[in-house]
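Trainee: Sharing a sequence plus its predicted fold:
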Amino acid sequence: MKKAVTLGAVLLSISALSVNGYCDVKKGQKINGATEFQEHCASCHPKGGNIVNAKKPLNKKALNANGIRTAKDIVAKMRNPGPGMTKFDEKSVPTVEANAIAEYILKTFK
Ligand code: HEC
């Protein structure tokens, strides 16, 4: 009897997990820009900064000064980065994820 209860609890938590997130991301739904940013960008851009090139953080003023205004511009930077930045192609960060990251940056780092 005790075993059955434990199994029930395990199954319940597995289904709760798939409802809340990570399984959905794989299916291409519910992409979370914040999570994607943490995964791919935060190592060099913690809190929207830039630990490699301090003159190029992700706040609006710096982006505008460097000609980056829209989500499209940010995605272009991922596809074709400047010196010191990792290149993110369609394979490593598909367009839907790249757009989500770009929107997150624009609304988060003022
Ligand atoms: C290995 C470190 C590194 C990683 C990882 C990284 N970047 Fe960068 N990023 C840089 C550097 C260095 C620059 C300045 C490059 C230049 O001179 O154009 C930069 C510049 C930028 C800029 C232009 C900032 C400005 O003020 O002009 C944007 C936008 C940007 N990165 C977005 C991203 C996004 C989005 C990701 C994640 C998908 C990412 N970066 C991941 C190092 C990194």
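Mentor: All right, it came through fine.
Trainee: quick one: contacts for the residue nearest the centre of the chain?
Mentor: With distances taken as CA atoms, centre = their mean, the residue of the chain nearest its centroid is Glu36 (1.8 Å). Contact analysis of Glu36 by CB atoms under 8 Å, 6 or more residues apart in numbering lists 93, 97, 100-101, 104. No exception for glycine: its C-beta is placed from N, CA and C like everyone else's.
Trainee: again, only using 7 Å
Mentor: 97, 100-101 (CB atoms under 7 Å, 6 or more residues apart in numbering).
Trainee: Give me the helix or strand of this protein that scores worst on average pLDDT.
Mentor: Ranked by mean pLDDT, DSSP states H and E, the weakest helix or strand in the chain is helix 22-26, scoring a mean of 49.
Trainee: after it comes which helix or strand?
Mentor: As assigned by DSSP states H and E, the chain's next helix or strand after helix 22-26 is helix 33-40.
Trainee: If anything else comes up later, I'll come back, but that's it for now.
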